[in-house]
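requesting a structural model of the entry that follows:
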Amino acid sequence: MLKRKENIIVEKTKAFADRIGRMCVFVQKQRKANSDVIRQVNRSGTSIGANIAEGIYAQSNPDFISKFSIALKEANETKYWLERLHASGSLNEKEFDSILHDNQEIIYILISIIKTMKEKNYQKDGTAITDNDKDANVSNENANVSNENANVSNENGNHNF
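Numbering: from 1, shown residues only. Presented below is the predicted three-dimensional model:
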């Protein structure tokens, strides 16, 4: 089997989804957090990677941008729910800062990818590039923009999830 080139946004969103799942179990059992908020943060936090997975095999650049834009919206919603968990005392300061850092990294990478792809959709004269003008195979090439545009670190703090 051929080994694929690592894709930073795919890897980070998979790790984030796993971390969100562990966090939800932890705060539900240990801190008796609001189950509605837990469900919301679990849904939005895991759907980021699902939308990335869909976008990797997009049929066109606009489709790719759409899927990654939805992932960005979900990442922003996840930030909101994490803030609610912190405000309610379900996440302490260290836990909140650590998981929020991971969330913010994903947001920054997604913004960079979307911006780069939008710029690629226009010719030098400012006219839109149509699907007939470009290669329809955008899957891995476009998603790997994140490896070139994102200089982020993976900060793993001491936390329970």
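
got the buried residues for whichever strand or helix holds Asp36?
Using DSSP states H and E, Asp36 maps to helix 35-56. Neighbour counts over helix 35-56 (16 or more other C-beta atoms under 10 Å) mark 37-38, 40-42, 44-49, 51-52, 54-56 as buried. Quick note: C-beta positions are derived from backbone N, CA and C, even for glycine.

just after that helix, pick out the following helix or strand.
helix 61-87.

and that following helix, average pLDDT?
Model confidence over helix 61-87, given as mean pLDDT, is 96.

all numbers from here: first residue = 20
Understood, numbering begins at 20; the last thing we discussed is helix 80-106.

so that helix versus helix 54-75, what angle?
Per axes from the mean of the first three to the mean of the last three C-alpha atoms, to 10 degrees, the angle that helix 80-106 makes with helix 54-75 is 160 degrees.

what about helix 80-106, distance to the chain center?
Centroid displacement of helix 80-106 relative to its chain, using C-alpha atoms, centre = their mean, to the nearest Å, is 7 Å.

go on, stretch 39-57?
21 Å.

that concludes my questions; thank you for your assistance.
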